[in-house]
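> heads up, no residue letters with this:
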């Protein structure tokens, strides 16, 4: 099940269980995880994209090891809220994940997430090389934190 409605997503989740956040790019997928109490999100890893089947196997391993009950996937909308080519690619990625896994998926607006994370890293004097290696997972954590904050309030 894929939805953009937080209430519908919340209703589809089993009792308990952790959530994972994904920041899907053309070259990498940033992965973040939250605790079972949905208090905080942390960056987990950046998966270098190759073939979808290999990417999916790595994600399946992470989700199984971490007992993931649902996914939050960042949706890269244009500033005016319309779909971009990257939005369409992310929706296709979500559909493929949905066909392969029995997990509810929430597509969440991710406008400005990567920029916000990069600004924070620059302010902390993180080197360009380290930023490049960490920004996708950190953006996934930013997206996931926003989603769990909204879901807890439902």
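Received the coordinates, thanks. Not measured: the values here are computed from a predicted model.
> What separation is there between the residue nearest the centre of the chain and residue 60?
Nearest to the mean C-alpha position of the chain, by C-alpha atoms, centre = their mean, lies residue 22 at 2.0 Å. Using C-beta to C-beta, to the nearest Å, one gets 13 Å for the distance from residue 22 to residue 60. For every residue, glycine as well, the C-beta is placed using N, CA and C.
> In three-state terms, label the residue nearest to the centre of the chain for me.
On the three-state scheme (DSSP: H, G, I helix; E, B strand; the rest coil), residue 22 is labelled strand.
> For the nearest residue to it once chain neighbours are set aside, the count of nearby residues, please.
In this structure, residue 22 finds its nearest non-sequential neighbour in residue 73, 4.8 Å apart by C-beta to C-beta, 6 or more residues apart in numbering. The burial count assigned to residue 73 is 26, neighbours taken as other C-beta atoms under 10 Å.
> Now do the same for residue 73: helix, strand or coil?
strand.
> contacting residues for it?
If a contact means C-beta atoms under 8 Å, 6 or more residues apart in numbering, then residue 73 has 21-22, 24, 90, 93-94, 97, 105-108 as its contacts.
> closest to residue 128 among these?
residue 24 (22.6 Å; C-beta to C-beta).
> Show me where the protein dips below the pLDDT cut-off.
Residues of the chain meeting the criterion pLDDT under 70: 121, 130-133.
> The residue lying closest to residue 118 once chain neighbours are set aside: neighbour count?
Nearest residue to residue 118, sequence neighbours excluded (C-beta to C-beta, 6+ apart): residue 135, at 5.9 Å. If you count neighbours by other C-beta under 10 Å, residue 135 ends up with 24.
> Likewise for the one 10 residues further on?
Residue 145 is surrounded by 20 other residues when neighbours are defined as other C-beta under 10 Å.
> One more: residue 33?
By the criterion of other C-beta under 10 Å, residue 33 has 24 neighbours.
> start the count at 12, not 1, going forward
Right, with 12 as the first residue, what we last looked at is residue 44.
> ok, it touching residue 53?
Yes: Residue 44 lies in contact with residue 53 (C-beta atoms under 8 Å); the separation is 6.1 Å.
> can you tell me the helix or strand for residue 53?
Assigned by DSSP states H and E, residue 53 falls within strand 52-59.
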